[in-house]
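Asker: no sequence on hand, only this structure:
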Ligand SMILES: Nc1ncnc2c1ncn2[C@@H]1O[C@H](COP(=O)(O)OP(=O)(O)OP(=O)(O)O)[C@@H](O)[C@H]1O
């Protein structure tokens, strides 16, 4: 069932359309990545969906009714923290702003700190937190009131690899009972965790892929060949229809009609080329993204 629907969403600043005719169908427990270059309109879209800025045109519905803000948890791109506060004070503030009672806030704060791996750090001031811990506290704030929908603006872009993995693991858990829409420039994460990827360019949605179906639809006729020596390409080249020599020891390509992978491997053996890896290669979301953005 669609839990968040947007139709014809548009935001104009003067003559400039930051977002134009944007449609979205976010289903229960679905995770969608919002991708696009800087300035594509991702933040503006998330702000409209979160009710932070009014759209110039278009409608936003939840369960086919006018969106109730209580169903949304939002993590801004640059969450503001008071360094002198303790995490529980910050969550008290967030819970109070969401209209929660003091008693519920107390219980729920400990739960969300546990979920975000910050329970042990509850006696530390926020000022002593690392970037990753702050981002997790931002997530804790977003889920305080148990929203059904999470909107996250670049939750991992500013984090180091360990911090990114922590946040991604939390999102994996959260998506078991929440619908999540998050913007990111880290395409690998989007590919790992999301059901769909929505690519925006110049304020418009230009590609909307179901990641599983998109993978299944790919004809895996590209092969990746990694060798232990720099490739003497003569002899191999005429077996390929299309060839991409990425590095001296790595080529990716599609074989000619009637050429089998075995024939390619036999040719490598004849030329005494040591094979380190050979296998079918699927297109990555990153390659698809670049084709869509540059196309
Ligand atoms: N308050 C504003 N006034 C005028 N123009 C704005 C305003 N907010 C955003 N824009 C413009 O709208 C466009 C979309 O901006 P937005 O921040 O939504 O992009 P984004 O995809 O989130 O970019 P990034 O990846 O850099 O965060 C940009 O051209 C931006 O300059």
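Answerer: Sure thing, it's come through. Predicted model only: the values in this text are computed from it and were never measured.

Asker: all strands for the protein, in order.
Answerer: 2-13, 16-27, 31-35, 57-62, 65-66, 72-75, 149-153, 179-183, 196-201, 204-210, 222-227, 240-247, 250-255, 275-280 (DSSP state E).

Asker: and those strands, which one is worst for confidence?
Answerer: The minimum mean pLDDT among the strands of the chain belongs to strand 65-66 (a mean of 82).

Asker: hang on, the earlier thing: quick one: closest of the strands of the chain to residue 294.
Answerer: Closest to residue 294 of the strands of the chain is strand 196-201 (C-beta to C-beta; 9.9 Å). Backbone N, C-alpha and C define where each C-beta goes, glycine included.

Asker: which positions in that closest one come out as buried?
Answerer: For strand 196-201, burial by neighbour count (16 or more other C-beta atoms under 10 Å) applies to 196, 197, 198, 199, 200, 201.

Asker: near the ligand, from those residues?
Answerer: Taking C-beta under 6 Å from any ligand atom as the test, the ligand is in contact with none of those.

Asker: just checking, residue 157 touches residue 190?
Answerer: No: assessed by C-beta atoms under 8 Å, residue 157 is found out of contact with residue 190, at 11.6 Å.

Asker: quick check: neighbours shared by these two?
Answerer: By C-beta atoms under 8 Å, 6 or more residues apart in numbering, residue 157 and residue 190 have these common neighbours: residue 184.

Asker: more neighbours: which of those two?
Answerer: Per other C-beta atoms under 10 Å, whichever of residue 157 and residue 190 has more neighbours is residue 190, with 26 against 14.

Asker: with adjacent residues omitted, what lies nearest to that one?
Answerer: residue 33 (3.5 Å; C-beta to C-beta, 6 or more residues apart in numbering).

Asker: do you know how far the one you found is from residue 73?
Answerer: 17 Å (C-beta to C-beta, to the nearest Å).

Asker: centre-most residue in the chain?
Answerer: Nearest to the geometric centre of the chain sits residue 190, at 3.4 Å (C-alpha atoms, centre = their mean).

Asker: wait, what's in contact with residue 273?
Answerer: 227, 228, 229, 231, 232.

Asker: list only those of those flagged as buried.
Answerer: By 16+ other C-beta under 10 Å, these give 227, 231 as buried.

Asker: among the contacts of residue 273, which two are most distant?
Answerer: Longest span within the contacts of residue 273, C-beta to C-beta: 228 and 232, 12.8 Å.

Asker: number of nearby residues for residue 86?
Answerer: Residue 86 has 15 nearby residues by other C-beta under 10 Å.

Asker: do I have it right that it meets residue 123?
Answerer: Yes: between residue 86 and residue 123 a contact is recorded at 7.1 Å, counting by C-beta under 8 Å.

Asker: and which of the contacts of residue 273 is nearest residue 243?
Answerer: For these, the nearest to residue 243 is residue 231 (10.3 Å; C-beta to C-beta).

Asker: which residues touch that closest one?
Answerer: 225, 245, 248, 249, 251, 273.

Asker: got a markdown table for the strands of the chain, with distance to residue 114 too?
Answerer: Output for the strands of the chain, formatted as a markdown table (distance: least, C-beta to C-beta, whole Å):
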| stretch | distance to residue 114 |
| --- | --- |
| strand 2-13 | 26 |
| strand 16-27 | 27 |
| strand 31-35 | 22 |
| strand 57-62 | 28 |
| strand 65-66 | 33 |
| strand 72-75 | 17 |
| strand 149-153 | 18 |
| strand 179-183 | 19 |
| strand 196-201 | 30 |
| strand 204-210 | 33 |
| strand 222-227 | 42 |
| strand 240-247 | 45 |
| strand 250-255 | 45 |
| strand 275-280 | 41 |
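
Asker: which of those strands sits closest to residue 263?
Answerer: Of those, nearest to residue 263 by C-beta to C-beta is strand 250-255, at 8.0 Å.

Asker: quick one: low-confidence parts of the stretch 101-250 of the chain?
Answerer: Counting by pLDDT under 70, the low-confidence segments of the stretch 101-250 of the chain come to 216-220.

Asker: out of everything not next to it in sequence, what's closest to residue 200?
Answerer: residue 36 (3.6 Å).
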